[in-house]
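**Q** What follows is a protein structure lacking sequence information:
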């Protein structure tokens, strides 16, 4: 919901350009995975298949990055973007590795120690938010585990048709 709101607040010309980039990337995903159908839930194709698609598109920039590589909706970026970067360690001592795909370009950043993160408390806060979002966007709180790509989420907004 944050992404939807942020994308709609972009200036019209920027919103339209983002929409075109999202449409193009969604088309590339559909070409790679013709078996994947709307509503484009990652669960429908499985994590392994999704990882294959992601690997094939690793050099494709996010539709929300501008020409300099800055995020156009940084303050409202999706959780997947927020998780990238520093490694984390839970209160229970579980390590959550840094999964940033461009980390090798920033060796000093990659060398930073994992940061404390209370995953259990986060989950307790996140669950009702996901249920509310699933109700608002998909019509049912039972769809709270729905995950899709940024390209498909943006493409569904039809931003390229914005005035």
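**A** Great, that's in hand. Just so it is clear, the structure is predicted and the values come from calculations on it, not from any experiment.

**Q** OK, contacts around residue 128?
**A** For residue 128, the contact set (CB atoms under 8 Å, 6 or more residues apart in numbering) is empty. All C-beta atoms are positioned from the backbone trio N, CA, C, and that covers glycine.

**Q** swap in residue 133?
**A** 1, 144.

**Q** ditto for residue 139
**A** With contacts defined as CB under 8 Å, 6+ apart, residue 139 has no neighbours.

**Q** how much space is there between it and residue 39?
**A** 11 Å (CB to CB, to the nearest Å).

**Q** shared neighbours, those two?
**A** Counting by CB under 8 Å, 6+ apart, no residue touches both residue 139 and residue 39.

**Q** and residue 68, helix, strand or coil?
**A** coil (DSSP: H, G, I helix; E, B strand; the rest coil).

**Q** any idea how far it lies from residue 61?
**A** Counting by CB to CB, the separation of residue 68 from residue 61 is 11 Å.

**Q** Which of these two has more residues huddled nearby?
**A** The residue with more neighbours, out of residue 68 and residue 61, is residue 61; 12 against 5, by other CB atoms under 10 Å.

**Q** For the lowest-mean-pLDDT helix or strand in the chain, which residues meet the burial criterion?
**A** Scoring the helices and strands of the chain by mean pLDDT, DSSP states H and E places helix 107-110 at the bottom, with a mean of 74. Using 16 or more other CB atoms under 10 Å as the test for burial, helix 107-110 gives no buried residues.
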